[in-house]
Each structure stands twice: as structure tokens, then as C-alpha cells.
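Participant: show me how the following folds:
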Amino acid sequence: MDHFSTKRLTAERLNESHLADLVALHLDAEVSRYLGGVRPAETTKAYLDVNMAHWDQHGFGLWALRASDGAFAGRAGIRHILVDDVDEIEIFYAFTRSLWGRGFAGEIATALTDVGLAQLGLPSLIGIVYVGNGASRRVLEKSNYLLERSTNRRGEDVVIYRKAKAAGPPLR
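Facilitator: Reported below is the predicted structural model:
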């Protein structure tokens, strides 16, 4: 699943051509506030390499997002992540500041959830959110993720939301 589209976004599998857009996104202090802080270009290049390798290993990963006019909109993905020594599968996203407050996060969260649970057949997905990031918490809640627990990651208080694959009909 290298590409998919939503009503207003096109997602394409991450590749080297996305580096400049990712660097610009990660250098924006407001965008990066809940992403672990501003990342210099070298750190973003390493991030790109890790996420391209995730695709090779798992068959899914990070997509670059474009708005309907073709402009870079942000990034979003589904990835394996170690949380409290447990291998989890997380959805995650970040948008350019010009697109904030316009419903794009909810749109991509819904699409990522469909890709992960329905198309990839994953048993559940999580969202990890800094406690103070009310906007992302609301996005996950509107996407029917349930607050599971609080924890600490890299010295920051975060909450874990989870959405499990719906159970099938009972066997007869």
C-alpha cells in the first residue's frame, strides 16, 4: 500500500525525495513542540532512513502527505514502536502549521485506522499523545480510540489511546 487518498489528501510512501519537506516540517518549533522538539537536518535524515527501513521490514510505515493542490501537507504513518517493553503499532501524524485547525488530523487518523485495522489486518493500533496536547487527544477520541493508560516516554508524560479491530460475528 504505497499510496492512498482521503477526501483532501494524497499519501505516498516515504522516499528520499521527501527529505527537504521533512526537514522544513521538523525545523518548525510549533510543529515539533509535541514531536520531541526541533530536529536538525541530520536528525531528520536519520529519521527518514529509519522509516524507509521500516517499510522494507514490515510492508508499511510513513507516508508523505500532499494537499489537493499538490503542496506538502505533512507526514503520517503506522509503525512498530516499543512502549514499556511491549511491541505496539502506532498511528502518528504531523501537519504543516498552515493546515492546523481544518480537520486534516481527523481525516488522516480515520484513514490510518482503516489501513491498519481493515486493510493490513492488524489487531489493534495505539496513539501516543503528550498529556498537554489536547488537540491530538480530541482527534483520537473522535476517531473512537479509547484512553488506555498514562506512561512516561523519554521523560515526558504521555497517554496511550487504543483502538482494537472489531470482533467478527459470533460463530454458530
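Participant: okay, and the helix or strand of the chain with the least pLDDT?
Facilitator: Here the helix or strand of the chain ranked lowest by mean pLDDT, DSSP states H and E is helix 29-32, holding a mean of 86.
Participant: for residue 100, which residues are in contact?
Facilitator: Listed by C-beta atoms under 8 Å, 6 or more residues apart in numbering, the contact partners of residue 100 are residue 135. C-beta here means a position set from N, CA and C on the backbone, and glycine is covered the same way.
Participant: do residue 128 as well
Facilitator: Counting by C-beta under 8 Å, 6+ apart, residue 128 makes contact with 81, 83, 90, 92, 153, 158, 159, 160, 161.
Participant: residue 122 against residue 115, yeah?
Facilitator: No: under the criterion of C-beta atoms under 8 Å, residue 122 is not in contact with residue 115, lying 9.1 Å apart.
Participant: may I see the buried residues of the least confident helix or strand of the chain?
Facilitator: The neighbour-count check on helix 29-32 (16 or more other C-beta atoms under 10 Å) flags residue 31 as buried.
Participant: quick one: distance of it to the chain centre.
Facilitator: Centre-to-centre, helix 29-32 and its host chain are 15 Å apart (C-alpha atoms, centre = their mean, to the nearest Å).
Participant: contacts for that helix?
Facilitator: Taking C-beta under 8 Å, 6+ apart as the criterion, the residues outside helix 29-32 that touch it are 25, 26, 38, 39, 94, 95, 96, 97.
Participant: still on that earlier bit, drop anything exposed from the contacts of residue 128.
Facilitator: Among the contacts of residue 128, those buried by neighbour count (16+ other C-beta under 10 Å) are 90, 92, 158, 159, 160, 161.
Participant: of all those residues, which comes closest to residue 71?
Facilitator: Nearest to residue 71, judged by C-beta to C-beta, of the buried ones among the contacts of residue 128 is residue 92 at 20.8 Å.
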